[in-house]
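# heads up, no residue letters with this:
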């Protein structure tokens, strides 16, 4: 895991250097790259087992629990459907991740499901809203972080 953390730090150094060279463009690593990094970091920290890449909706499992991992660098995540279990993380430039939501996906889905579906099909949920929602998730319903 140390090597992954070092590489994430180097990635951010490279994107900052590119931004200095080309001020009119953003070079933030996002999308699939951020999602994949979040998944491997969650696998490590929470002891999760990855599901095959083509598995719909869920990314990992732990025992019988199916888990969707959403990782962002911004202030919100996007969800398109209800999942069994949701782990929302924010990727930091130092290669660490912050946990913003850890609990049943139904709680988050209930918050958006009755709203008009956006054109892209994905509902945006702000991290501060997720953090507030997690306050009501009992500790026994959260994934236990196994490694720092």
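Happy to help now that I have it. These numbers come from a predicted model, not from an experiment. Numbering: from 1, shown residues only.
# all contacts plus neighbour counts: C-alpha atoms, from now on.
Fine.
# Check the spacing between the nearest residue to residue 145 once chain neighbours are set aside and residue 147 real quick.
Computed as CA to CA, 6 or more residues apart in numbering, the closest residue to residue 145 that is not its neighbour in sequence is residue 46, at 4.5 Å. Look at residue 46 and residue 147: by CA to CA, to the nearest Å, they are 7 Å apart.
# related to what we said a few turns ago, burial of the residue nearest to residue 145, as a residue count?
Other residues near residue 46 come to 16 when the count uses other CA atoms under 10 Å.
# In the sheet, which residues pair with the residue nearest the centre of the chain? Tell me.
Central residue of the chain (CA atoms, centre = their mean): residue 71, 2.1 Å from the mean position. Assessed by DSSP bridges, residue 71 has beta-bridge partners residue 89.
# What of residue 79?
Under the criterion used (DSSP bridges), residue 79 bridges to residue 123.
# tally of neighbours for it?
Counted with other CA under 10 Å, residues neighbouring residue 79 total 19.
# Touching, it and residue 122? I think so.
Yes - with contact defined as CA atoms under 8 Å, residue 79 reaches residue 122; the gap is 5.2 Å.
# and the residue sitting furthest away from the middle of the chain, how far is that from residue 13?
Relative to the centre of the chain, and counting by CA atoms, centre = their mean, the farthest-placed residue is residue 21 at 29.5 Å. Residue 21 is 13 Å from residue 13, where distance means CA to CA.
# Regarding this structure, what is its longest helix?
Longest helix of the chain, by residue count under DSSP state H: helix 2-21.
# Many thanks, I have nothing further to ask.
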